[in-house]
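[1] What would the 3D arrangement of this be:
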Amino acid sequence: ATGESLGVLVGSSAWASGLGITRGAERVMCISSNFTVLVWDGTSGRLLWLVSYTSRFLRLAPFPGSDRFVATSASGAAIVSASSGKTLQAWADDAGAPIHVAVSPSGAAVTICSERRLASWDAATGRLLKATEF
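    From the prediction side, this is the model:
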């Protein structure tokens with residue numbers, strides 16, 4: 001590691017509220033304060049896609065060994081393909097603004113810590129597995 005800049009990713013003038021990098025750095029994902037999710041090619045730095053949402057996504061986490069990531073908002077979560085930008089799975093959650101999101105090493109579960117609870121969801125079905133209220 002030399003500390004040299006590897007490049008600059010451009011595509012949004014808004015500040016970033018979340019960032020994720022897939023294993024191997026094939027994709028770099030960013031959630032912006034203007035309700036957009038951006039995905040770049042990690043090698044070339046080329047912007048692959050940008051999707052605007054009506055609800056601000058606040059946190060983001062990549063799935064291990066996959067091009068998928070989960071993005072969360074105060075109203076729910078979505079699993080998105082970093083290659084296509086398509087939503088693969090989505091579910092509602094009214095527990096307040098997310099503070100942190102994590103994906104299990106197997107990719108089978110998504111855990112979200114929000115203002116009011118800690119909850120784990122089945123990544124394939126969106127079914128709530130377990131929740132602890134604060």
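[2] Please name the nearest non-neighbouring residue to Val8.
    Distance criterion CB to CB, 6 or more residues apart in numbering; nearest residue to Val8, sequence neighbours excluded, is Gly45 at 7.3 Å. Where C-beta positions appear, they are placed from N, C-alpha and C, glycine not excepted.
[3] Touching, that neighbour and Gly11? I think so.
    No - if you go by CB atoms under 8 Å, Gly45 and Gly11 don't touch, sitting 9.8 Å apart.
[4] Next up, the contacts around the residue nearest the centre of the chain.
    Centroid check for the chain by CA atoms, centre = their mean gives Leu60 as the closest residue, at 2.6 Å. Shown in contact with Leu60 (CB atoms under 8 Å, 6 or more residues apart in numbering): Gly18, Leu19, Gly20, Met29, Cys30, Ile31, Val37, Phe69, Val70, Ala71, Thr72, Val101.
[5] Can you go through the residues you listed and name the buried ones?
    Burial by neighbour count, 16 or more other CB atoms under 10 Å: within these this picks out Gly18, Gly20, Met29, Cys30, Ile31, Val37, Phe69, Val70, Ala71, Thr72, Val101.
[6] so the first one sits right up against Arg59, yeah?
    Yes - at 5.2 Å, Gly18 counts as touching Arg59 under the criterion of CB under 8 Å.
[7] the strands in this protein, which residues?
    For the chain, the strands defined by DSSP state E occupy 16-21, 27-32, 36-41, 47-52, 57-62, 68-73, 76-81, 87-92, 98-103, 109-114, 117-122, 128-133.
[8] Flag every buried residue along the third one.
    To tie it back to what came earlier, the one meant is strand 36-41. Here strand 36-41 shows Thr36, Val37, Leu38, Val39, Trp40 as buried, counting by 16+ other CB under 10 Å.
[9] Paired strands for it, with orientation please.
    strand 27-32 (antiparallel), strand 47-52 (antiparallel) (DSSP bridges).
[10] Quick check: which of these is buried the most?
    For these, the largest average neighbour count (mean count of other CB atoms under 10 Å) is found in strand 27-32, namely a mean of 23.
[11] Excluding covalently adjacent residues, which one is nearest to Leu9?
    Residue nearest to Leu9 in three dimensions, not counting chain neighbours: Trp40, with 5.0 Å by CB to CB, 6+ apart.
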